[in-house]
Each structure stands twice: as structure tokens, then as C-alpha cells.
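In: Need the 3D shape of this:
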Amino acid sequence: MSAAFTSRALLCGCALFTLSGCLMVGPEYHAPKPWSPAHYTDHMTGAPDSIISEMKADSRWWQVFHDPELTSLESRLVNQNLSFRLATANLAQSRAQLIMAGAERFPALSASGSYQRSQYSTKEMQEIISRVGGNIAKSAGNTLGSSIGPLLQGGADGATVPLLNQWRSAIDATYEIDLWGRVAHQYDAAKADLQATDEERRSILIAQQADMARGYMGLRGDQQRLKILRDNLRVLTQITSIAQERYRGGLVTELDVDSAQGRLHDTQGQEAQLEQAVAQEENALALLLGAPPGSLNAELEKSAGVPVVPPVVPVGIPSELAQRRPDIREAEAHLRGAVAEVGEATADFYPKVTINADFGFQTLSFRDLGFWSARAWNVGPSISLPIFQGGRLYGQLELKKYAQKAAAISYQQAVIKAWHDVDNALIAYRDEQLHRQGLQGAVNDNSHALMLAQSQYRSGLTNYLNVLNAQAQLQSAQLDLASSDATLATNLTRLYNALGGGWEDALPNNPDVAKAQLASATPGP
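Out: Sure thing, here's the model as predicted:
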């Protein structure tokens, strides 16, 4: 290889590297501008018992309830939830795909070696001799000539052509000059897909955390209602006994006894329904932890009550929703990837320039394979230009363009849906506090009414129906208040979920998540 040729090759290579990436074709991505409604702050005022603050919320938002059992369940969820572990495994696949896409930005090197044993036909050797002549076979000091000289002579004399042994070893290099940005667009699309998968993983984690909190609130609410029913059962049992004693004494009719017993049996039926609901909710929480049914019953049946909503609820700034909520960021990543794929499809219309080179040794004798005189090399570009593809490239470009439009619509849809979720959650949280305030007053009034009715009944000043009605109204008010307590805590959970599960730009970087990433790489039991 001459010095002049080497210099020209280096100059051409530098020129191609300089042009690479400078002629990018296809659209350029521009991030969407954040958008927020004009009057969303109207829902952040007016709550009677709890103030919604724009202070930054902790990613572990469930700690605002100060419930040790809920905190324990949430911390275990990150390690044990199968949906999150599956999402972590999918994220690892996307990272591997990004590595594969990025490999095309660099030259590909490979080493090869081959051995081939073959035999030419006598007719073919005669044709070679007639074209080449006998000078090659007689040339002195030429390795190739000394090797095939007897072969040519054998073919010329009409004798049997001996077998050929061909040995070859080489290093091959291939590099695509990315003049139009096809490889760069492909890599950008893979990066966007990786980010979308990461955001999807974060969405799954936030959703599972919210499901755990909602399920826990519902369980504690039903447990509280079950406790109320059982307390009422004791009261109803006492009232039924009193009615039976008064009936035996001839002070009341049999109607009072039947009414009391009917109310008692009805409450016993409600107790059975609530026991079933509690068992199913305990199993639902166990499923979120990837545990078998009934495995959490012992710890969840411990009396805890409905978690109390704090007086001040930090939720962050809703106007930053587009930067915080993972489904919005996932939609934006899909949009960015769609734009990159349009650029990749556009670049397919342009010539593809590839540099191919190899250097090695080849000889007809294995003992000569390492000699410098057996060296062989070639280098040069190859250019391919699509001329007629039957409309395939055009159809592919149109497909990617409409996919980009669909991704833009999906992003807009995600933003609108997110604000609807936030708005609905704010309204529900505010109004449920007003609802609970009225229920608390109803419980107080009905408790006083039942106490008066029982006192009058013992004194014989009223019939049993008034006592039964007062007791039924109190029980209904108590059950409604317990449901409202659970609903209020659940609505706060939904609000945090609508806001992105705590105001963080990325997946919470804590030991729990690191353990989950490690666990996803190993099979479960």
C-alpha cells in the first residue's frame, strides 16, 4: 500500500466523517409547551377540615397518614409486586435494544478464517491455461506460481487435476457513513423507546402504590363498619331481651318482640356480608405483594382503624403536572420516537454509503500462511441507491408520518386526561370533607335520640318501635360515617395518584427500588 494511497484514503475518510450527521434529513423534534387550565386553583380552597398546600410532596406520600402498617405494606410492595418486577425486566430489554441500536454508529470489526479443499475440472484448467499461458507456472520466486504451476501443467497434459487446499485468515471492517442521519434517527428512536418504557415502569409503580393505599383504606373502613355492626348486635341483643321480658310481663305485644328479632337478624346478615368483603380485601392486598391468599390476614386483622387525614396536605404545584406525571412523559417520549422514525424513513430514500475493508493472509499451503508475501487486502466504498421499490419506501414514510400525528394526539389526550383526573380528585376530596362533616353531626344527633328513646322505653313512656327506629338511624349514620372516613382517605390517595405519586422528576431512587431491580433479574419462587 503506497503512502500516497494511504494519504488519499485518510483524507477521504476525514471528509466523510465531517459530512456524517451534517446532512440530517427529516423533521426536527420540538418539545410540546406545558399547558394547564386557567381556573384549577378554585378547587384548592373551601375544604373545611384539611388544607391543600402547594408545598412539595414526598415521594412516599402515604407517610402523611402516619399508619405504620400502611407504611410497611408500601415498602414491601416495591420489592414483591410482580407487575413492577415485570416492568423492570421490560426496562432491561429496552436498554439492551438501545445498545443494539447504538452499535450501528461504530465500525464493525470481525476476524475470520477459512479452509477450502476443492478440485477444478480438466476442461476448466485447460481454459485457464489458454488464457493465462504458461508463464505463471514457470515464474521463479513466486509462491502462487510455484504452487499452481504443476497444476496447470497437469491440466495441459490432460492428466487428472490434483486437489487444491486454500487457507485464509483476515480481519474485516464495515462502517456506514451516516450522511443523512439514518443511524442517528434510529438511535434517537431507541432512546425515546427506553424513556417511554422507564416512564411506563414508573406509572406501574405509582398505580400499584395507589392501589395498595386504596385497598388498605377500604379494608380499614369495612373493618370499622364491621365493628359498628357488632356493637349494634350487642345492643340489639339486649333490646330483644328487654322486649321479651316485657312481653312475658304483659307490658308489650308480640309485635315488639318480632320487630326486635327481625332487626337483629337483619344486622347479622349485614355482618356476614361485611366479613366476606373484608376477607376479599385482605386477599387483594396479598395479591399486590405477590403473596398467596390469606397470608396477610393475621397482621391485617389487628385493630387499627381508618387512617386519619392530616390537617395539611402537601400536593405540590399542579401547573407542573406535565413535567411530573409519568404517563404524560411517556406520551412525549413516544412522540419524540415517532419524529425520529420519520427521519429514519426519510433517510432511506437517499444513497447508503458503506466503507468495507479487510486485511489478511491467503495461500494454498498452510505453512506459507504466516509469511508477509501471502498478505492480501482490499478497501473501498460501496454505494446503494434505491431506484424502484414498488412504493415500499413511500408507504413506510407515510406510515411513520401518520404514526407521528397519532403520537401527537395521544400526548394531547394524556395531558387532558391528567387534568381531568386532578380536577375530579380535588373536587371529590373537598366535597367528601363537607359530606363527612354533615355525617358527624348526624351521628351525634342520633346517638342522643337513641339514648332518650331507650330511657323512655324503660320507663314505659313510649313503645319499642321508637327505640328500634332510633337505633336503626344511629346504626345507618355510624356506618355512613365510617364509609366517609375511608372514602376521604381514599380520595386523598387518588389525588396523589392523579398528581403523579409525589412530585419527583424520576423514579424514586431508594434502596427499595434498587432491590426490585436486582430481584427482577432472578426468577421468583
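In: which residues of the stretch 51-200 of the chain fall in strands?
Out: Using DSSP state E, counting those that start in this stretch, the strands found in the stretch 51-200 of the chain span residues 51-53, 108-118, 164-177.
In: Dump the C-alpha coordinates for the longest one into CSV.
Out: Read that as strand 164-177. This file holds the C-alpha atoms of strand 164-177, laid out as CSV (Å, rounded to 0.1, in the frame of the first residue of the first chain):
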residue,chain,number,x,y,z
LEU,A,164,-6.5,-27.7,-4.1
ASN,A,165,-6.1,-26.6,-0.4
GLN,A,166,-6.8,-23.0,0.2
TRP,A,167,-6.1,-21.3,3.6
ARG,A,168,-7.3,-17.8,4.5
SER,A,169,-7.3,-15.6,7.6
ALA,A,170,-8.4,-12.0,7.7
ILE,A,171,-9.8,-9.1,9.7
ASP,A,172,-12.9,-7.5,8.1
ALA,A,173,-14.2,-4.0,8.8
THR,A,174,-17.5,-2.4,7.8
TYR,A,175,-18.8,1.1,8.5
GLU,A,176,-21.8,3.0,7.3
ILE,A,177,-21.2,6.7,6.7
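In: dump the residue contacts of Ala357.
Out: Each residue near Ala357 by CB atoms under 8 Å, 6 or more residues apart in numbering is listed here: 172-174, 377-380. C-beta coordinates here come from the backbone N, C-alpha and C atoms, glycine included.
In: Could you dump the strands of the stretch 51-200 of the chain into JSON lines with mean neighbour count, distance to Gly250 and mean pLDDT added?
Out: Formatted as JSON lines, the strands of the stretch 51-200 of the chain follow (neighbours: other CB atoms under 10 Å; distance: least, CB to CB, whole Å; pLDDT from 0 to 100):
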{"stretch": "strand 51-53", "mean neighbour count": "16", "distance to Gly250": "60", "mean pLDDT": "65"}
{"stretch": "strand 108-118", "mean neighbour count": "10", "distance to Gly250": "105", "mean pLDDT": "85"}
{"stretch": "strand 164-177", "mean neighbour count": "16", "distance to Gly250": "106", "mean pLDDT": "85"}
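In: Gln93: which of these is closest?
Out: strand 108-118 (22.7 Å; CB to CB).
In: What is that closest one packed up against?
Out: Using 3 or more CB pairs under 8 Å, 6 or more residues apart in numbering; DSSP states H and E, the elements in contact with strand 108-118 are strand 164-177.
In: so what strands line up beside the strand it packs on?
Out: Applying DSSP bridges, strand 164-177 is found paired with strand 108-118 (antiparallel), strand 352-363 (antiparallel).
In: So which of those strands is nearest Leu450?
Out: strand 108-118 (84.8 Å).
In: Is it correct that Glu282 is in contact with Leu300?
Out: Yes: contact between Glu282 and Leu300 holds when scored by CB atoms under 8 Å: they sit 5.1 Å apart.
In: joint contacts of those two?
Out: Leu219.
In: Looking at the two, which has the bigger crowd around it?
Out: Glu282 (23 against 19; other CB atoms under 10 Å).
In: helix or strand for that one, which one?
Out: helix 254-288 (DSSP states H and E).
In: Follow the chain on from that helix and name the next helix or strand.
Out: According to DSSP H and E, the helix or strand after helix 254-288 is helix 297-300.
In: Point out the other helices and strands that that following helix packs with.
Out: Looks like helix 297-300 contacts helix 254-288 (3+ CB pairs under 8 Å, 6+ apart).
In: Report all helices and strands that the helix it packs on contacts.
Out: When contacts are defined as 3+ CB pairs under 8 Å, 6+ apart, helix 254-288 packs onto helix 182-248, helix 297-300, helix 464-498.
In: Report the buried residues of the last one.
Out: Of the residues in helix 464-498, 464, 466-468, 470-475, 477-498 count as buried by neighbour count, 16 or more other CB atoms under 10 Å.
In: Could you do the second one as well?
Out: If you call a residue buried by 16+ other CB under 10 Å, then helix 297-300 has these buried ones: Leu300.
In: contact partners of that helix?
Out: Against helix 297-300 from outside (CB under 8 Å, 6+ apart): 69, 219, 279, 282, 285.
In: Looking at the strands paired with strand 164-177, which is nearest to Gln238?
Out: The nearest among those, by CB to CB, is strand 108-118 at 87.1 Å.
In: Need the contact partners of the closest one.
Out: With contact meaning CB under 8 Å, 6+ apart, strand 108-118 is reached by 163-175, 360.
In: still on that earlier bit, so which of the helices and strands packed on helix 254-288 is nearest Ile355?
Out: helix 182-248 (13.6 Å).
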